[in-house]
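Student: got a predicted model here, sequence first, then my questions.
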Amino acid sequence: MSAPPPLEVRDVTVRFSGLVALDSVGFTVEPGSIHAVIGPNGAGKSTCFNVLSGVYRASSGSLRFGGAELTKLPTHEIAALGVARTFQNIALSPHLSVADNLMLGRHRLTRTGFVSAGLRLPAARRERALHSERVAEIAAFVGLAGRLPVPVGLLPYGVQKRVELARALCMEPRLLLLDEPVAGMNGGERREMAALISAIREDLGISLLLVEHDMGMVMRLADAVTVLDFGRRIAGGTPAEVQRDPEVIRAYLGAAAEQPAAHDEEQV
Ligand SMILES: Nc1ncnc2c1ncn2[C@@H]1O[C@H](COP(=O)(O)OP(=O)(O)OP(=O)(O)O)[C@@H](O)[C@H]1O
């Protein structure tokens, strides 16, 4: 897989009947980096994510991934360019095994159609064997080797989040969008997930964009941080830079005064 191109977000605005959820937001995810988007509740983080994966349309602005303009593409074409995402609420089939869920992640890479697969033609059999091998490799990489036959619904929540991540990796992405990857996890699960995210960057060379509430995790993991507040980009830079930015401190202190529980997440 070739090195990822940069993701360039320029002047992106998203409006929902009068409400400006994103207001001329811009940032660049450098190739092979971990870039975090943070901000208080309602800042526009999920909107940013949804516009990147094609779930929402930008009202104006541009999102370029290498030579491709993503703004007008449907979700499956964005995925075909090598942009995969995970969901905040797990989006797996609970009755299917881990292996089958991961195979579904490889769907876009499958060449032989359903008919030849159904007829068990040799080409389809060979292709399935290759995909199974890759699924086993990815499962081992994320620490799921022993769980391949287990129905996803029987696994603990933290393990299901790993399956969700593995499913996205099965799409062989060059850019991975992670929506609150440690939400709802306990301290141990958070540390494991943080180590896995680092390994994805180090060993697979994939760029990662993550939306996350856990500040400890963001500050330890991210190479660069973009801070949103009320749909605007109020700061950007290294974790150390944004942590001491007065605008950021003001946004978070204001939010904490209104919603004390919102950023009270456990630190990694
Ligand atoms: N589909 C939608 N229709 C209308 N308004 C929306 C929609 N999605 C988001 N919004 C609004 O856009 C603004 C930004 O919301 P968004 O969910 O992107 O924020 P967020 O930073 O992800 O918040 P949180 O941390 O609570 O998840 C909010 O005012 C929200 O109510």
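Tutor: Alright, I've got the coordinates.

Student: may I ask you to name the longest helix in the chain?
Tutor: Determined from DSSP state H, the single longest helix within the chain is helix 122-141.

Student: roughly how far is it from the heart of the chain?
Tutor: Helix 122-141 sits 23 Å away from the centroid of its parent chain (CA atoms, centre = their mean, to the nearest Å).

Student: can you check stretch 192-206 too?
Tutor: 12 Å.

Student: kindly report the same for stretch 10-22.
Tutor: On CA atoms, centre = their mean, the centre of stretch 10-22 falls 21 Å from the chain's centre.

Student: what is the end-to-end distance of it?
Tutor: 12 Å (CA to CA, to the nearest Å).

Student: pLDDT (mean, whole number) over it?
Tutor: Computed over stretch 10-22, the mean pLDDT rounds to 94.

Student: could you list the buried residues of it?
Tutor: Val12, Thr13, Val14, Val20, Ala21, Leu22 (16 or more other CB atoms under 10 Å). In this view, the C-beta of every residue, glycine as well, is placed from N, C-alpha and C.

Student: near the ligand at all, it?
Tutor: Yes: counting by CB under 6 Å from any ligand atom, the ligand is contacted by stretch 10-22 at Phe16, Leu19, Ala21.

Student: which member of these is positioned nearest Arg250?
Tutor: Ala21 (20.8 Å; CB to CB).

Student: how about the residues of the stretch 1-150 of the chain by the ligand?
Tutor: Near the ligand, when you scan the stretch 1-150 of the chain using CB under 6 Å from any ligand atom, you find Phe16, Leu19, Ala21, Gly39, Asn41, Gly42, Ala43, Gly44, Lys45, Ser46, Thr47.

Student: JSON lines for those, including secondary structure?
Tutor: Listed next are these as JSON lines, based on DSSP: H, G, I helix; E, B strand; the rest coil:
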{"residue": "Phe16", "secondary structure": "strand"}
{"residue": "Leu19", "secondary structure": "strand"}
{"residue": "Ala21", "secondary structure": "strand"}
{"residue": "Gly39", "secondary structure": "coil"}
{"residue": "Asn41", "secondary structure": "coil"}
{"residue": "Gly42", "secondary structure": "coil"}
{"residue": "Ala43", "secondary structure": "coil"}
{"residue": "Gly44", "secondary structure": "coil"}
{"residue": "Lys45", "secondary structure": "helix"}
{"residue": "Ser46", "secondary structure": "helix"}
{"residue": "Thr47", "secondary structure": "helix"}
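
Student: which among those residues count as buried?
Tutor: Using 16+ other CB under 10 Å, the buried members of those are Ala21, Gly39, Gly42, Ala43, Gly44, Lys45, Ser46, Thr47.

Student: for this protein, which element, helix or strand, carries the lowest mean pLDDT?
Tutor: helix 114-118 (a mean of 57; mean pLDDT, DSSP states H and E).

Student: the longest helix of the chain packs against which elements?
Tutor: Other helices and strands packing on helix 122-141, by 3 or more CB pairs under 8 Å, 6 or more residues apart in numbering; DSSP states H and E, are helix 98-105, helix 114-118, helix 157-169, helix 187-204.
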